[in-house]
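Peer 1: here's a sequence, model it:
(chains A and B)
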There are 2 protein chains.
Amino acid sequence: MTAGISKMTYETTTNVARCMIYNAITDKLDISKLFTNLVGSSSNIFRIADFGCSVGPNTFTAVENIQEAIQQKYLLQSHELHNSSSSLVMPEFQVFFNDHVTNDFNTLFSSLAVGKRCYFTAGVPGSFHGRLFPNSSLHFVHSSLALHWLSTMPKELVDENCIAWNQSRVHYTNARIEVYKAYEAQFCRDMTQFLEARAIELVVDGLMVLIMPAVPDNVPLSQMHLGVIYDILGCVLVDLSKEGFISESKVHSFNLPIYIVSPNEMIGIIERNGCFSIEKIELCKPMSSVNNGEIKITPSTVTMHLRAAME
Amino acid sequence: MTAGISKMTYETTTNVARCMIYNAITDKLDISKLFTNLVGSSSNIFRIADFGCSVGPNTFTAVENIQEAIQQKYLLQSHELHNSSSSLVMPEFQVFFNDHVTNDFNTLFSSLAVGKRCYFTAGVPGSFHGRLFPNSSLHFVHSSLALHWLSTMPKELVDENCIAWNQSRVHYTNARIEVYKAYEAQFCRDMTQFLEARAIELVVDGLMVLIMPAVPDNVPLSQMHLGVIYDILGCVLVDLSKEGFISESKVHSFNLPIYIVSPNEMIGIIERNGCFSIEKIELCKPMSSVNNGEIKITPSTVTMHLRAAME
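Peer 2: Below is the predicted model:
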């Protein structure tokens, strides 16, 4: 995703995400459990990682929300412990910004340097489908609008001899079932690898908040606005190839590496992994402010939205 | 420093540095002291930071030398503890590569991704003259050929009304004493800030290895090859301004932000800081292989050397 994300996407996502993060930390993070050796411990560092951070500013907003919520929880739990023998000292925060090696970390770091940050920073290059951090070294894992990107495309989608050949489509929306199955299997492999890595890296009693675009259980993507957009994008590319702007083979060889999961699928993958307990899973409606008329939706805002997400 | 460092500089520096790092770790690092809560500890992570890493490959070579030496020391101390109640488990390594925000981290991360690394990586943007890491979060601090760069130039060097105005010179070599004193005071401020920050960040019983270009005690820089080179560089710039290639005012406003320290000066700064004990300070002669005739020194190698260090 490039830095130029549209205002609409940014605002709706940020507001929803802010609430989710606040509620998760307030309700589910037990800091006195997290730091079992509070008294006399030589280390009082709270380590946060944002997986798939891109170049900002969304990642900074998310981190500030996380930090603020944790600080409030600290104050609350400190107050509760006031008359006990234990005590909670506000930690220093160290934040790790992760994305692919090809992410523009120079831009990320330049943006980070602007303004005062109340945490120590580091950039971590590499795929979040593998190990990136030492054993038990993170206290809070966050990822927003990144896990729907597949690590690679299944080869059968571009193999003319396979039943899953996706020919002139660029996504599984409205495609044959074998295409969908190939996408689904790849997402399942990716998500499993993500969970396996994070299960090792996150400390016991740590918390993970994952925000992803999602589809309701048993609703095909073709009935959702995202599915319609992907379908239109595919039709546009086919038209462009017919008009000679791009080659037909390029359209045949391209498939959008995006899978939109449903809550039940996520529950299945997490339960099969077996390392995490699901504290809360929620299907939100970030488009509600659009439906309420608070935000005007026009062809140009949809195009900006799509372009920001795809580039 | 750009990636294209000359072979001569690289080889001589690397070999000397390798020996220094090995000896420092073997003789001075006590791992069983470092991890006092070995048995039952939930964390077994050894954190290394290289300050002023540039874009590689020197930083990778240094880190591999450090890691190898620490692993050997672990094996040695594990053997010694064999029959005691304690035990040492080989740690995971997390390496932090630090340089200015304007460093090319994208190139650094791309180079890191080539080849297998047996450690977790992170890039840390920011000036090492300030805090960059949480309290007590590093076990080994390293900096090689970076601390001689000054953070800023004293204003009096470019003020015509000051006695320290350096006019058509670009360094303190062969300049008046006030120029030298301005450089010296800036280095002292910078080094003090570096030590103050690292004193907070390094764990108790951690180790710091600093490799810097240096001048013997009581020997003026003008008598060393580096001083001669800086003098020649100044003369070249003055000649270029006389021939109209660059403006005279540019030469007047430019001073090389480099200070070459002596062992006694470093001892003084470290002792005034008061947070570190000096385990060993050594003035090496990396040019000995040049004097022995092992490496041929020619005008082009000197130019390459200078260019690589300055760009």
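
Peer 1: for residue A:227, which residues are in contact?
Peer 2: Contacts here follow Cβ atoms under 8 Å, 6 or more residues apart in numbering or on different chains; on that basis residue A:227 touches A:173-174, A:220-221, A:260. For the C-beta atoms, the positions are set from N, CA and C on the backbone; glycine is no exception.

Peer 1: now with 6 Å?
Peer 2: With contacts defined as Cβ atoms under 6 Å, 6 or more residues apart in numbering or on different chains, the neighbours of residue A:227 are A:173, A:221.

Peer 1: and for residue A:163?
Peer 2: Taking Cβ under 6 Å, 6+ apart as the criterion, residue A:163 is in contact with residue A:178.

Peer 1: what's the answer for the one 10 residues further on, then?
Peer 2: For residue A:173, the contacting residues are A:221-222, A:227, A:230-231, by Cβ under 6 Å, 6+ apart.

Peer 1: what sits closest to it if chain neighbours are left out?
Peer 2: residue A:227 (4.2 Å; Cβ to Cβ, 6 or more residues apart in numbering or on different chains).

Peer 1: confidence score at the residue lying closest to residue A:258 once chain neighbours are set aside?
Peer 2: The spatially closest residue to residue A:258, leaving aside those adjacent along the chain, is residue A:148, at 5.4 Å (Cβ to Cβ, 6+ apart). The per-residue pLDDT reported for residue A:148 equals 97.

Peer 1: tell me the contacts of residue A:148?
Peer 2: Counting by Cβ under 6 Å, 6+ apart, residue A:148 has contacts A:212-213, A:258-259.

Peer 1: of those, just the buried ones, PyMOL syntax please.
Peer 2: Here is the PyMOL selection string for the buried members of the contacts of residue A:148, based on 16 or more other Cβ atoms under 10 Å in any protein chain shown:
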select buried, chain A and resi 213+258+259
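
Peer 1: which of the contacts of residue A:148 sits closest to chain B?
Peer 2: Distances from the contacts of residue A:148 to chain B were compared by Cβ to the nearest Cβ; the smallest belongs to residue A:258, at 24.1 Å.

Peer 1: any idea how far the closest one lies from residue B:64?
Peer 2: Counting by Cβ to Cβ, to the nearest Å, the separation of residue A:258 from residue B:64 is 39 Å.

Peer 1: got it, and residue A:45?
Peer 2: Distance, residue A:45 to residue B:64, by Cβ to Cβ: 26 Å.

Peer 1: these two: which is more packed in?
Peer 2: Neighbours of residue A:45 and residue B:64, each counted by other Cβ atoms under 10 Å in any protein chain shown, are more numerous for residue A:45; the result is 18 against 15.

Peer 1: now for that one: which residues touch it?
Peer 2: For residue A:45, the contacting residues are A:91-92, A:94, B:134, B:137, by Cβ under 6 Å, 6+ apart.

Peer 1: if we can go back for a sec, where does the residue nearest to residue A:173 fall, secondary structure wise?
Peer 2: helix A:225-242 (DSSP states H and E).

Peer 1: all strands of the stretch 51-200 of chain A, in order?
Peer 2: A:92-99, A:120-125, A:138-144 (DSSP state E, counting those that start in this stretch).
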